[in-house]
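Q: Dropping the sequence and predicted coords here.
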Amino acid sequence: MNAAPYVVLGIFLAIGICLMIGSGVSQGTWYSMYVAIPALLTVISHFGITSFEEDVLSDDIGLMSVDSWYFCCAVCFTSCIGLPVIYYRLDWLTGLGLGLTIGGAFSILIGLMVSEHLRKKQELQ
């Protein structure tokens, strides 16, 4: 097992969280940091999906199936986009804060996709 996918994911997570912190600093409010919670839950949900795909967990045990993990991943990432838009509509964020927060969420998603690609590439070798 190579650590490269997890290093890449950690780098993109750090970039995403820094963008969200930058949004909070530029706005003077920390509402944008609430978006970090569903972003991190997206990563955790994704690892739930991969654990089922790798047969680490069986479909017969546990309370969640693979479809439940996909649902959790989709809901968490949708809220990563929805929360900043709601904050923008409530005038808690300005355009710069909205851009930085959504940029941070997309940075985390891109890191998740790149790390998954690297992990699948290592499995094929």
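A: Looks like it arrived, so ask away.

Q: Distance of the residue nearest the centre of the chain relative to residue 2?
A: In the chain, the C-alpha nearest the mean C-alpha coordinate belongs to residue 39, at 3.5 Å (CA atoms, centre = their mean). Here the criterion is CB to CB, to the nearest Å. By it, residue 39 lies 25 Å from residue 2. C-beta here means a position set from N, CA and C on the backbone, and glycine is covered the same way.

Q: picking that back up, helix or strand: which one has the residue nearest to the centre of the chain?
A: Secondary structure assigned from DSSP states H and E places residue 39 in helix 36-53.

Q: Can you point out the buried residues in the helix or strand just after that helix?
A: With elements assigned by DSSP H and E, the helix or strand that comes after helix 36-53 is helix 66-89. Within helix 66-89, the residues that count as buried by 16 or more other CB atoms under 10 Å are 69, 72-73, 76-77, 79-81, 83-84, 87-88.

Q: shaky segments in this protein?
A: 1, 51-64 (pLDDT under 70).

Q: how about the single longest helix found in it: buried residues?
A: Longest helix of the chain, by residue count under DSSP state H: helix 95-124. Using 16+ other CB under 10 Å as the test for burial, helix 95-124 gives 97-109, 111-112, 115-116, 118-119.

Q: picking that back up, hang on, isn't the residue nearest to the centre of the chain packed against residue 103?
A: No - using CB atoms under 8 Å, residue 39 makes no contact with residue 103, being 11.7 Å away.

Q: joint contacts of the two?
A: Residues touching both residue 39 and residue 103 (CB atoms under 8 Å, 6 or more residues apart in numbering): residue 16.

Q: Can you tell me how far the residue nearest to residue 109 when sequence neighbours are not counted is from residue 102?
A: Using CB to CB, 6 or more residues apart in numbering and skipping the chain neighbours, the partner closest in space to residue 109 is residue 77 (6.5 Å). Separation of residue 77 from residue 102 (CB to CB) stands at 12 Å.

Q: Could you do residue 90 as well?
A: Separation of residue 90 from residue 102 (CB to CB): 16 Å.

Q: Nice, that's everything, thank you.
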